[in-house]
Structures are given as C-alpha cells and as structure tokens.
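Colleague: structure, please.
(chains A and B)
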Amino acid sequence: NAGVTQTPKFQVLKTGQSMTLQCAQDMNHNSMYWYRQDPGMGLRLIYYSASEGTTDKGEVPNGYNVSRLNKREFSLRLESAAPSQTSVYFCASSGLAGGPGGTDTQYFGPGTRLTVL
Amino acid sequence: GIQVEQSPPDLILQEGANSTLRCNFSDSVNNLQWFHQNPWGQLINLFYIPSGTKQNGRLSATTVATERYSLLYISSSQTTDSGVYFCAAFSGGYNKLIFGAGTRLAVHP
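Modeller: Numbers count the residues shown, from 1 in each chain, chains lettered A, B, ... in the order given. Sure, this is the predicted structure:
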C-alpha cells in the first residue's frame, strides 16, 4: 500500500493564479482532511470530509475549496492564490467516518510545499 | 476554542538519554494524538490516547484527562528520534482538532 499520496510535491504560483492539490489514499478510509503548516507552527485544519459525499469547513477555510471526488480522492483548490497561502499542505485520512472527532488515528501524506509570489 | 500548549519548545539530548514531553489542553477532550514530524517533513502518528497509558517500543504516552494533560516519554533516545513532536486534541464542543506548536527535539550522537 502506498498510504496517502499527494501531488505535486512542490509548486510556485504567482498571486491570482489557481491550482488544485491532489490527494489519494488506498487504505479504504472514510475520513479525509486537508491541513496547512506554517513555519514554527502546528497544523491547522482547512477542510475535512467525514465520509464520501460530505465536506465541512475546518479552522482556516477562507480562500480554499475542496472536492471529495470518490472514497479515495480528496482535492484542495486555490481559486486565486495569495502570498498568505504560502505554506506546506498536508492531506490525511482516517479509517472511521465522522471526521476529526473520530476515535482513530490519522495518516498523513508527504506534503506539498507551495510558494505564492 | 480549546488551547493546546506543549513544553518544552526545544529540547537537546545526548543519545541514550530519556525525556518527557508535555501537552496541556484547556478543555475536556475525547481525542488526543501524538505525532512525530521527522527532519524531512513526514508526519507519523505515534499514539491515539484520549486517556490512560500506551507503550510502543521506547516510546510511551500517558493522558490524564481529568487534569487535562498528556505526557510523551522517550527512553534511550536515538538520533532518529530527532524532529518535532506534536500533540493534537479534539473537543466535541468545538468540532476541531487543534495542534500544539510542537516540541523540537535534537538528539546528538
């Protein structure tokens, strides 16, 4: 099993450009998440999908949209990138349905390092 | 919302030493996890431990939910233990998983 995979690994955008970060998991997990990590800080939840077909806002959703394409895939879209969105983005998944309050562990992808100029 | 505070912020050890990392949270929680982020950025879940004690090799964790803290113990540290250790807590009242700022650990040979 590959676990959680993310593409791309690195990306540089200009202010105002759009892009989609892709995430896929092969563990048949129900819940999936998108986090951002800024220098010297912990992770902050952007959006999550508690089960296939549902998405909900996390702590910092402004400027982002998500799509739970199917059970395996959960994408994050930046419609008009801003320098404040420069960060490392992590996708994660967990087995149980129910989102971040679920009583199971989260498994993380390798991250996407995004720079917005 | 719930506050998660970790201490110490930085820790330097000689290989073979033991250490204790602490995580305090400001409200009752029903989900408490410890993660290790290695120097290459990969995040690995260490423990899901809303209460009680768990052990995995040289690592163990204890959460005392009634006193709102969790401890991560690292025994006989190795250079591969270096990185940042995060705790994260979920409170049903806020519907958020909140991460602490982390403890940055450096283990020297």
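
Colleague: enumerate every residue touching the residue of chain B found nearest chain A.
Modeller: Distance from chain A to each residue of chain B (Cβ to the nearest Cβ) is smallest for B:Phe99, at 3.0 Å. Yep, even glycine has a C-beta here, placed from its N, CA and C like the rest. Shown in contact with B:Phe99 (Cβ atoms under 8 Å, 6 or more residues apart in numbering or on different chains): A:42-44, B:4, B:86-88.

Colleague: at 6 Å instead, please
Modeller: A:42-43, B:86, B:88 (Cβ atoms under 6 Å, 6 or more residues apart in numbering or on different chains).

Colleague: helix or strand: which one has the most centrally placed residue in chain A?
Modeller: The centroid of chain A falls nearest to A:Trp34 when counting by Cα atoms, centre = their mean (2.4 Å). Secondary structure from DSSP states H and E places A:Trp34 in strand A:31-37.

Colleague: is chain B within reach of that strand?
Modeller: No. With Cβ under 6 Å from any Cβ of the partner chain as the criterion, chain B is not reached by strand A:31-37; the gap is at least 8.1 Å.

Colleague: next secondary structure after that strand?
Modeller: Next element after strand A:31-37 (DSSP H and E): strand A:43-49.

Colleague: so which residues on chain B come close to chain A?
Modeller: B:31, B:41, B:43, B:45, B:48, B:86, B:90, B:92, B:96-97, B:99-102.

Colleague: give the other helices and strands that the longest strand along chain B contacts.
Modeller: Once chain B is assigned using DSSP state E, the strand that runs over the most residues is strand B:83-91. Secondary-structure packing of strand B:83-91 (3 or more Cβ pairs under 6 Å, 6 or more residues apart in numbering or on different chains; DSSP states H and E): strand B:19-25, strand B:31-37, strand B:96-99.

Colleague: deepest in the core, which of the ones you listed is it.
Modeller: strand B:96-99 (a mean of 24; mean count of other Cβ atoms under 10 Å in any protein chain shown).

Colleague: check the model's average confidence along it for me.
Modeller: Across strand B:96-99, pLDDT averages out at 78.

Colleague: now do the SS call for the residue nearest to A:Thr7 when sequence neighbours are not counted.
Modeller: Setting aside the residues directly before and after it, A:Thr7 is nearest to A:Gln22 in space (Cβ to Cβ, 6 or more residues apart in numbering or on different chains), at 4.8 Å. Secondary structure, DSSP: H, G, I helix; E, B strand; the rest coil: A:Gln22 is strand.

Colleague: what's the burial count for A:Gln22?
Modeller: Neighbourhood size, A:Gln22 [other Cβ atoms under 10 Å in any protein chain shown]: 16.

Colleague: tell me the contacts of A:Arg44?
Modeller: Taking Cβ under 6 Å, 6+ apart, one finds A:36, A:59-60 in contact with A:Arg44.
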